[in-house]
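Visitor: Quick one: sequence plus predicted model below, questions after.
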Amino acid sequence: MPDGIETRIGRGCGHGVKIGKLTIIGLGLMGGSLAKALKAASAVDQVWATGRRSASLEKGLELGVIDHWSLDLAEAVKGADVVLVATPTLIAEQILADLQPLLDDHMVVTDVASVKGNIQQAAERVFGQVPPRMVLGHPIAGSEQSGVEAARAELFKDHRVILTPLPQNDPAAVQLVRDMWQCAGAEVVDMPVAEHDAVLAATSHLPHVLAYTLVDALAANGSAKDIFRFAAGGFRDFTRIASSDPTMWHDIVLANQDAILSGLDDFSTHLEYVRKCIADGDGAAIKQVFERAKSARDEHFLGQYLATRKPD
């Protein structure tokens, strides 16, 4: 454990450490929601934020999400116990390069990126290896809304946060990040980097690609106005995520390109099979696909609901 980490960070919130100073790089939905959650849990003394433009930082201060802000990265991170990188995925490498001369023996750096492999590779290019006190993480929570205005303290409550610790990580740093997310109400699990990116490609990244593509295809239809006018709840539910931030998802798709392409190829094969069943009028095969899908989804999500439901 680095000298001073115990003395600079006290215990709090019933789960673990209380953070003296948290600095958020890139204040938006994720960083803002974490700040609000930690403040609500009395798990942080002061929250700073920094970024490239002042508008969101000023809004964060006005809303009480943060306590201080600066466009000067050095000022913002000075004396920080935890630095949260919450910028778009593809600029993370530049952020890490900017951070390199500013890190001290006490700081723990973590992130909220939806893809972990490219962050690991970026850190290895900047530092030679992922530093012991850099703990990669990804909260499985979000909203189609974006920006610090959409931040809410309960965003992570009863949601999972995946950490992808590496062999060289300082156990105290990993524990600090784990405790931080638990203070925000999350369930924290560990997963290898490659497994994380493959799982998220299938369960999050691919659905977003499909939703964006479906809405784009329908919007180009000559009857688009009527299609959207008479769209029912199922369409709204499925395509809700197409209202997510396009810049963020552009970065995610490029950062996790190989895993997403693999998922798209698998899905395309299955879709072609279903198309053939429909073209052949093969009702038995169509029903079998639908029944398998319903059974798989019900088994997972109903079981998950029953496991987490509080007793009456």
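Guide: Looks like it arrived, so ask away. Numbers count the residues shown, from 1 in each chain.
Visitor: residues in contact with Ala293?
Guide: Contact criterion C-beta atoms under 8 Å, 6 or more residues apart in numbering gives no residues in contact with Ala293. (Glycine included, C-beta is placed from N, CA and C.)
Visitor: Against Gln182, how distant is it?
Guide: With distances taken as C-beta to C-beta, to the nearest Å, Ala293 is found 34 Å from Gln182.
Visitor: Also Ala219?
Guide: 42 Å.
Visitor: who's more crowded, the two?
Guide: With other C-beta atoms under 10 Å as the criterion, Ala219 and Gln182 differ in neighbour count, and Gln182 comes out ahead with 19 against 12.
Visitor: Dihedrals phi and psi, Ile19?
Guide: The phi and psi torsions at Ile19 (degrees, to the nearest 10) take the values phi -90, psi 130.
Visitor: Chain neighbours aside, what residue packs nearest to it?
Guide: Distances taken as C-beta to C-beta, 6 or more residues apart in numbering put Val44 closest to Ile19, at 4.5 Å, once the chain neighbours are dropped.
Visitor: likewise Leu96?
Guide: Taking C-beta to C-beta, 6+ apart as the measure, Leu96 lies nearest to Val126, with 4.6 Å between them; neighbours along the chain are not counted.
Visitor: Kindly report the same for Arg52.
Guide: Taking C-beta to C-beta, 6+ apart, and ignoring the residues beside it in sequence, Arg52 has Leu71 as its nearest neighbour in space, at 7.5 Å.
Visitor: For the one you found, report the pLDDT, please.
Guide: On pLDDT, Leu71 comes in at 97.
Visitor: Tell me if it really is in a helix.
Guide: No - counting by DSSP: H, G, I helix; E, B strand; the rest coil, Leu71 is not part of a helix but coil.
Visitor: Surely it touches Trp48?
Guide: No - here Leu71 lies out of contact with Trp48, judged by C-beta atoms under 8 Å, at a distance of 11.6 Å.
Visitor: out of the two, which sits in the busier spot?
Guide: The residue with more neighbours, out of Leu71 and Trp48 and counting by other C-beta under 10 Å, is Trp48; that gives 24 against 12.
Visitor: so that one sits right up against Leu22, yeah?
Guide: Yes - contact status for Trp48 versus Leu22: in contact at 7.2 Å, counting by C-beta under 8 Å.
Visitor: Now for the two: what residues contact both?
Guide: For the pair Trp48 and Leu22, residues contacting each of them under the criterion C-beta under 8 Å, 6+ apart are Ala80.
Visitor: Find the nearest non-adjacent residue to Pro207, please.
Guide: The spatially closest residue to Pro207, leaving aside those adjacent along the chain, is Ile241, at 6.6 Å (C-beta to C-beta, 6+ apart).
Visitor: can you give me phi and psi for the one you found?
Guide: The phi/psi pair for Ile241 (degrees, to the nearest 10) is phi -70, psi -10.
Visitor: okay but it is in contact with Leu210, surely?
Guide: No - with contact defined as C-beta under 8 Å, Ile241 does not count as touching Leu210 (9.2 Å).
Visitor: Specify the local secondary structure of Ala113.
Guide: Secondary structure, three-state DSSP: Ala113 is coil.
Visitor: Against Asp170, how distant is it?
Guide: Taking C-beta to C-beta as the measure, Ala113 falls 20 Å from Asp170.
Visitor: Setting aside sequence neighbours, what's the nearest residue to Met30?
Guide: With sequence-adjacent residues excluded and distances taken as C-beta to C-beta, 6+ apart, Met30 is closest to Val112, at 4.5 Å.
Visitor: mind listing what the one you found touches?
Guide: Residues Met30, Gly31, Leu34, Leu84, Val85, Ala86, Gly137, His138, Pro139 are the ones in contact with Val112 under the rule C-beta under 8 Å, 6+ apart.
Visitor: at 7 Å instead, please
Guide: Residues counted as contacts of Val112 (C-beta atoms under 7 Å, 6 or more residues apart in numbering) are Met30, Leu84, Ala86, Gly137, His138, Pro139.
Visitor: Tell me which two of the residues you listed sit farthest apart.
Guide: Largest separation among those by C-beta to C-beta: Leu84 and His138, giving 12.2 Å.
Visitor: domains in the protein, as residue ranges please.
Guide: Structurally, the chain divides into domains by automatic domain parsing as follows: 5-191, 196-281.
Visitor: if you compare those, which one is most tucked away?
Guide: domain 5-191 (a mean of 20; mean count of other C-beta atoms under 10 Å).
Visitor: mind checking how far Gly128 is from Glu93?
Guide: Counting by C-beta to C-beta, the gap between Gly128 and Glu93 amounts to 14 Å.
Visitor: ok, now Leu57?
Guide: For Leu57, the distance to Glu93 equals 22 Å [C-beta to C-beta].
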